[in-house]
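*Asks:* output the structure for:
(6 chains)
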6 protein chains.
Amino acid sequence: MRTDERKEDELRPIHMEAGYVKHPEGSILITVGETKVICNASIEDRVPPFMRGQGKGWVTAEYAMLPRATQQRNIRESSKGKVSGRTMEIQRLIGRALRAVVDLEKFGERTLWVDCDVIQADGGTRTASITGAYVAMVLAFGKLVENGTIKELPIKDYLAATSVGVLSNGSEILDLCYEEDSEAQVDMNVVMTGNGEFVELQGTGEEATFSYTQLQKMLELAQSGVKELFDKQKEIMGEWTAHIDRNRNQSS
Amino acid sequence: MRTDERKEDELRPIHMEAGYVKHPEGSILITVGETKVICNASIEDRVPPFMRGQGKGWVTAEYAMLPRATQQRNIRESSKGKVSGRTMEIQRLIGRALRAVVDLEKFGERTLWVDCDVIQADGGTRTASITGAYVAMVLAFGKLVENGTIKELPIKDYLAATSVGVLSNGSEILDLCYEEDSEAQVDMNVVMTGNGEFVELQGTGEEATFSYTQLQKMLELAQSGVKELFDKQKEIMGEWTAHIDRNRNQSS
Amino acid sequence: MRTDERKEDELRPIHMEAGYVKHPEGSILITVGETKVICNASIEDRVPPFMRGQGKGWVTAEYAMLPRATQQRNIRESSKGKVSGRTMEIQRLIGRALRAVVDLEKFGERTLWVDCDVIQADGGTRTASITGAYVAMVLAFGKLVENGTIKELPIKDYLAATSVGVLSNGSEILDLCYEEDSEAQVDMNVVMTGNGEFVELQGTGEEATFSYTQLQKMLELAQSGVKELFDKQKEIMGEWTAHIDRNRNQSS
Amino acid sequence: MRTDERKEDELRPIHMEAGYVKHPEGSILITVGETKVICNASIEDRVPPFMRGQGKGWVTAEYAMLPRATQQRNIRESSKGKVSGRTMEIQRLIGRALRAVVDLEKFGERTLWVDCDVIQADGGTRTASITGAYVAMVLAFGKLVENGTIKELPIKDYLAATSVGVLSNGSEILDLCYEEDSEAQVDMNVVMTGNGEFVELQGTGEEATFSYTQLQKMLELAQSGVKELFDKQKEIMGEWTAHIDRNRNQSS
Amino acid sequence: MRTDERKEDELRPIHMEAGYVKHPEGSILITVGETKVICNASIEDRVPPFMRGQGKGWVTAEYAMLPRATQQRNIRESSKGKVSGRTMEIQRLIGRALRAVVDLEKFGERTLWVDCDVIQADGGTRTASITGAYVAMVLAFGKLVENGTIKELPIKDYLAATSVGVLSNGSEILDLCYEEDSEAQVDMNVVMTGNGEFVELQGTGEEATFSYTQLQKMLELAQSGVKELFDKQKEIMGEWTAHIDRNRNQSS
Amino acid sequence: MRTDERKEDELRPIHMEAGYVKHPEGSILITVGETKVICNASIEDRVPPFMRGQGKGWVTAEYAMLPRATQQRNIRESSKGKVSGRTMEIQRLIGRALRAVVDLEKFGERTLWVDCDVIQADGGTRTASITGAYVAMVLAFGKLVENGTIKELPIKDYLAATSVGVLSNGSEILDLCYEEDSEAQVDMNVVMTGNGEFVELQGTGEEATFSYTQLQKMLELAQSGVKELFDKQKEIMGEWTAHIDRNRNQSS
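*Replies:* Numbering: from 1, shown residues only, chains lettered A, B, ... in the order given. Coordinates of the predicted model:
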């Protein structure tokens, strides 16, 4: 039995609220159990220097936590004057994951920024960020379609992420909360697309290891969890779901 | 007539939600019109080096904005590697204002941090931060009283802040929204206590000046606005209001 | 009676020396009691990025102290690798104050920098900096007029600053020296123009407050002090005084 | 056929030279094809602050490249004043991987640092670093055993790493060189122990995805590659191989 | 003939003013031609970490220029967030030079800081800094002797510095001003003691070289220049000159 | 007798290996006794901003040490976020020295970077860097000649560097190893050209001084050492030696 009485293959309650902040082109407050992340997508009319002149767009992400999103207050990275390795790792992961389902050729020389700001942390902040950032990105691109800037939604497939792990008693579980994450021997983040393929797989045993059999079980849990997340995303993306389905059919 | 049809001496709608984030000792989401700020108060069991060994506590504040709290996305200060002059000015102001109504002798060698994170900005973020930070601080000290760490609330008086200004047509107004702030010739932030005294007065004419008469009118508007803010604060502070009143009577 | 036997409304002795450093377009060593500040004004033939292409100029200031300007040696901000919040606050204040009396439309796409370097500190360094920086600026613009680069002095009015405060015995005083400043409950910096209007008003009670009556008395003291400063400035600005008077008459 | 005529399951030639630098407690120059990394292990007689007073040791790694290890010269991270996200990600990975096979309880409050400095880069620098760093670490702990500082080698198992990937023609390959890495759709780094378990699995599709079947094929390739690496490591670790085998038997 | 009509072996006019700033233990304004440097010596009652517990003192220096000490305004190093290589080189040179004539054993675990701030630059700022810093240091140690903190002046000998160079016409000259320095092929800074020995010799040909014969001539010029500087220093050090002479006799 | 039984005028064994790293245009591993430095020369097709539009090239150097090049591990400068004064001083010295024998007019608007990375340190790393960097530079320019980018080798003369010093027993010695360097009273680095002239002379007495006679003896030792270094360099530069000789004859 898990600390919050969930079954091993049970996600925490998910909620997404669109338009949480008024200025961004796409804004989502995603809640996964007690974890809350604001995902704001912004469109900028230029690309970073290394992309210029190619007629293509770019998608990138930034991630941060409020100092008191956690049980102990953390020093702000702006006060320290540098971004931690953990933060960099997470924002690079979010950016790569989003780019895997975007057609960069189809929105001109623009940058889509997604800012994932963790308001309250209780485990799984990076996978909640990816799941919410995807929706914020779709809404922002939708706005470009609506105002005629681009012709079609440059989104090739669905995208969501969850975590799986192995507890010290050897059981594999889905969607670890903070308490479970602290106790787990193995922690794996899985990012998947609507067609059941992997985008990112990051499995780590800190002072521990895991077997091929454990890997298989964890991937099965992840797969079932991600499917549920897709359903939640579709609800909130409304009409854009049909656009994505059309793009998926064309590419297959 | 003002852009949002308010009268000259009319505040925007104010709302405060306590316990918005679960970890901090005191947490308030304050909404002033379209401006939203999360104010989280944390207690740390030590003081900064310059205060050690005096048996006294310290109160300090940090302020930040989400990158897309504003109409245009701002670069994160953590990415730039330094905190801007504007941010420093604001967080120093919030800290000084709070300290004016706290009895530092009465909560031991502890630091109370208040983090003010602007989720959405529409003018008046620094005054909304002070007004919300005060309540978050009272709730956090209240928790120390409840769990017996300290005997009484170390709060000497009420504290709230608002802005006043002079529009280019010469009219003085209370509580400027972003559009008004951009257009105003003079902008003044006023921090006041429950006994009607000033804690901070910061009036600035960017490429403009103001007369003694205009100053007087602005201060009257500020005074009436701050009184309304006290009423809102009292509602949400509940039983702690009585503690503060008791402290005020004792010191007078 | 004050520590240096001054009356409550008495300024410390003021002295300004023009041409103290040979390279700058305008250079003033201002001495206010024991406080000494070198104010060097430089003209640069371009404006910062946010001002480009508008055909207007910009005025900005930087402020620093020699490490041993104070009783205890301070670590250099260049060694620390960052500028303190206090320094940023002061240099933003000086820049805003100067811009209030400059017509940015009248000197082309140029930047006037004023560097205020405190050689010796005894209280009131920021107000001495503003008073000296104004004269250095006038002399630098004067040089542009003399060499035919611009047609007229882009200065709309006089500008000077002083401090006022409330001692712990409740008396209001003008132009606080360091010892008084350390002891004062309230400290207010006032920047005024030749026509008696306010440019900046920054009143602060660190762990204290002040009443409306005290504010009124402080502003009266400031007004009388600033008038004396204008006389000192006029002496050293020589012929440029007539230019400024002409500009004042035209705009009224 | 691969660019360098290798078979799909063929590693590049591996070479390790012990004692390459004279000062470190353990020093290895590892060559994997054209990739060359100096791995220097140092023992420090204290642990980082977060580990103090627990009677345990710590293992950590740093990673860097010479500016001209690559085809284009890179700017030094010391000149830029900050460590890149890529560097942080890699050095965190190396440290975590090493800690998975070390018994931190068995070498006192000491830190083992491994510095991995890439002299020449041709793909696979992070996996070559892990493979070489493991040997440098064993040699350094061996020195502590030899001089009597600790009683037994605190190493629980073997450890090595390699990369696998999917080329754009869909074929899975082992040990990608730079040219293959640039062209590949999927890149996966696999860190394994002597008992065939995973320590880290990091699979990434930059603007691409991979199926469960592809994952399985890649993991088989990785498994066979890592076995060869263990043989190379054993040759150079000499007598310490027997110590590690003894530890493995005891724990099983 | 030189640009300012000096002879080849002629120093520029030298002036030193003691007590220029009131707070430091020793304060000198040194003027060498048009070059002006404030040298402030401060005593701190502790030594840097690497010196602790040895019962010895330390002497160190910092060097900076006001932004407009030069013909073109320079960006402040505090704004850039780092100290330039040139500044570091100069302050390391000043510190080493001073330590060569100080007996670190004779003033306890204290640090003597000398801050050399260039107010106006016209060539030779580093040698003027050394010459002035020596006097400021002597005066600061003198204060420690006077107030009984230490028994005797911990100064072993005199110390002064000057520059020599080779112009493009091949002539060797003493004490280069800025114009000469810009044109010279070779520039050499020479720091010498009262007994005619060298402390530092830094000769540089930027895109040029110099012969042994030229070196000899330059060193003769330097030697004569430094003797004159000693005379100026003795005038201003007053009674401390006798103390230094006594120390010199004892050690010979 | 010296610690390693060398005579006073004897260099340590010198070895240079060309092509040590494959990517750079010129790459040398130089070994001087136990000191090992990789010197990589890179050509970049542009010059730094201050050189643009003059039709000339630029030569610059960077210097670093692996953390464990020394007996104690050093913290990386990239982790500290800033380059030390010592590193800056050394890389400025290497760059100036190289430029003294290069004709910047003869290779277009290009930058030649030399990266000197110390793999193992045992004294004399800066002089070994200069001696090796010169050869790497010649080989890199040679490549530009070979591929027809430039017509002739822009090298005016030979260049090498060594150190000399005075031990505490008063004897002058050539080419100090680390142990001697730590013990020496005086340390002097000498950079010379093939025609016997000086490029740089940096003599330093840390808490000590040296006489004119000692200077003369040290310079004689340096001269004889540098001649040997030229012979070693010529061996490895092969055919380019003839080109340099031709350039030397033309300029004389």
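
*Asks:* tell me the pLDDT at the closest residue to A:I43 other than its chain neighbours?
*Replies:* Spatial nearest neighbour of A:I43, chain neighbours left out: A:E25 (5.2 Å); criterion: Cβ to Cβ, 6 or more residues apart in numbering or on different chains. Heads up, the C-betas are built off the backbone N, CA and C, glycines and all. If you check A:E25, the pLDDT there is 98.

*Asks:* next one: phi and psi at A:E25?
*Replies:* Phi and psi for A:E25, reported as degrees, to the nearest 10, are phi -60, psi -30.

*Asks:* for it, give me its contacts.
*Replies:* Counting by Cβ atoms under 8 Å, 6 or more residues apart in numbering or on different chains, A:E25 touches A:41-43, A:139-140, A:143-144.

*Asks:* what separation is there between it and chain C?
*Replies:* 24 Å (Cβ to the nearest Cβ, to the nearest Å).

*Asks:* what do you get for A:T3?
*Replies:* Distance from A:T3 to chain C, by Cβ to the nearest Cβ: 43 Å.

*Asks:* now that residue: how far from A:A184?
*Replies:* Using Cβ to Cβ, to the nearest Å, we find A:T3 at a distance of 12 Å from A:A184.

*Asks:* more neighbours: those two, which one.
*Replies:* Set A:T3 next to A:A184 and count neighbours by other Cβ atoms under 10 Å in any protein chain shown: A:A184 wins out with 22 against 10.

*Asks:* which residues touch the more buried one?
*Replies:* Contacts of A:A184 by Cβ under 8 Å, 6+ apart are A:165-168, A:173, A:176.

*Asks:* 7 Å - rerun?
*Replies:* Contacts here follow Cβ atoms under 7 Å, 6 or more residues apart in numbering or on different chains; on that basis A:A184 touches A:165-167, A:176.

*Asks:* and it, its phi and psi?
*Replies:* phi -70, psi 150.

*Asks:* pLDDT score for it?
*Replies:* Value for A:A184, per-residue pLDDT: 94.

*Asks:* quick one: the residue lying closest to A:E10 once chain neighbours are set aside from A:A184, how far?
*Replies:* The shortest distance from A:E10 to any non-neighbouring residue, by Cβ to Cβ, 6+ apart, is to A:L174 (6.6 Å). Distance of A:L174 to A:A184, given as Cβ to Cβ: 12 Å.

*Asks:* residue contacts, A:A121?
*Replies:* Counting by Cβ under 7 Å, 6+ apart, A:A121 has contacts A:35, A:65, A:69-70, A:178.

*Asks:* from those, which two are the most distant?
*Replies:* Using Cβ to Cβ, the pair of those lying farthest apart is A:M65 and A:Y178, separated by 12.6 Å.

*Asks:* the two: who's more crowded?
*Replies:* A:M65 (21 against 18).

*Asks:* can you tell me the closest non-neighbouring residue to the more buried one?
*Replies:* Closest to A:M65 by Cβ to Cβ, 6+ apart is A:V118, at 4.2 Å.

*Asks:* tell me which element A:M188 is part of?
*Replies:* If you go by DSSP states H and E, A:M188 is part of strand A:186-193.

*Asks:* what sits up against the helix or strand just after that strand?
*Replies:* Per DSSP H and E, the first helix or strand lying C-terminal to strand A:186-193 is strand A:198-205. With contacts defined as Cβ under 7 Å, 6+ apart, strand A:198-205 is touched by A:93, A:96-97, A:100, A:159, A:185-193, A:210, A:215, D:96, D:100, D:198-205, D:209-210, D:215.

*Asks:* stretch A:242-252 now?
*Replies:* By Cβ under 7 Å, 6+ apart, stretch A:242-252 touches A:153, A:155-158, A:194.

*Asks:* counting neighbours, which of the contacts of A:A184 comes out on top?
*Replies:* Neighbour-wise, those (other Cβ under 10 Å) top out at A:G165, 27 neighbours.

*Asks:* and the pLDDT for that one?
*Replies:* pLDDT, read off for A:G165, is 97.

*Asks:* same question for A:S252.
*Replies:* So A:S252 comes in at 67 (pLDDT).

*Asks:* mind jotting down where the strands sit in chain A?
*Replies:* Along chain A, counting by DSSP state E, strands occupy A:14-18, A:26-32, A:35-44, A:58-65, A:111-120, A:159-166, A:172-174, A:186-193, A:198-205.

*Asks:* pick the most buried one from these.
*Replies:* strand A:159-166 (a mean of 27; mean count of other Cβ atoms under 10 Å in any protein chain shown).

*Asks:* packing partners of it?
*Replies:* Other helices and strands packing on strand A:159-166, by 3 or more Cβ pairs under 7 Å, 6 or more residues apart in numbering or on different chains; DSSP states H and E, are helix A:85-99, helix A:125-146, strand A:172-174, strand A:186-193, helix A:212-237.
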